[in-house]
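Novice: Any chance you could fold what I've pasted below:
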Amino acid sequence: MAKLPACPVCGEKMENGFVYVSGSRGANICWLREKPTFWHVPKNRTTLLKFNLSSSIDESVAEAYRCLKCNMILFSYRDEPRFSEEKLAGKSKETYTKLLNYYTSFRSNPRQFLENKLKNLSKKGLSLEEAIKELAIKEKIIEE
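Specialist: Residues are numbered from 1 along each chain as shown. A predicted model of the protein is given here:
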């Protein structure tokens with residue numbers, strides 16, 4: 001694969017390496033700096049995405065972009081909020097944290113699950129604060 005000198009999103013220099021898929025009950029997409037072989041998979045791999053195939057579809061999906069011409073796929077691999085917690089303040093931030101703690105008790109990837117729920121509500125025209133409140137009411141985290 002040709003080197004990408006800069007990230008097409010932020011412009012920072014990109015790292016060269018390899019993507020490796022591992023796992024049994026799920027699939028883990030890992031990043032390796034060395035090329036794996038049949039006999040040797042380097043131990044210094046970084047797990048980028050964990051797909052739990054025994055859970056809901058929301059926990060087995062990552063948003064991605066594909067270029068048919070270049071045969072490239074671009075996806076975000078970190079379990080970080082798309083709606084940054086830093087943007088939240090006061091009651092909304094507190095309620096977001098309560099929702100995250102609630103989902104932690106029974107979801108393998110609670111932040112991604114919560115972010116997907118909030119994203120779906122925002123597609124219906126709700127602001128982030130309204131989506132958090134509506135979801136918290138639905139999950140009986142807070143009262144109306």
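Novice: buried ones in the helix or strand in which Q112 is found?
Specialist: Assessed by DSSP states H and E, Q112 sits inside helix 110-123. Buried residues in helix 110-123, counted by 16 or more other CB atoms under 10 Å: P110, R111, Q112, F113, L114, E115, N116, K117, L118, L121. C-beta coordinates here come from the backbone N, C-alpha and C atoms, glycine included.
Novice: Which single one of these is nearest to I73?
Specialist: Lowest distance from I73 to the buried residues of helix 110-123 (CB to CB) belongs to Q112, with 18.2 Å.
Novice: what about the closest one, distance to M14?
Specialist: To M14, Q112 is 24 Å away according to CB to CB, to the nearest Å.
Novice: go on, A89?
Specialist: Separation of A89 from M14 (CB to CB): 34 Å.
Novice: you'd agree I137 is in a helix?
Specialist: Yes - assignment of I137 by DSSP: H, G, I helix; E, B strand; the rest coil places it within a helix.
Novice: okay, now it: neighbour count?
Specialist: 13 (other CB atoms under 10 Å).
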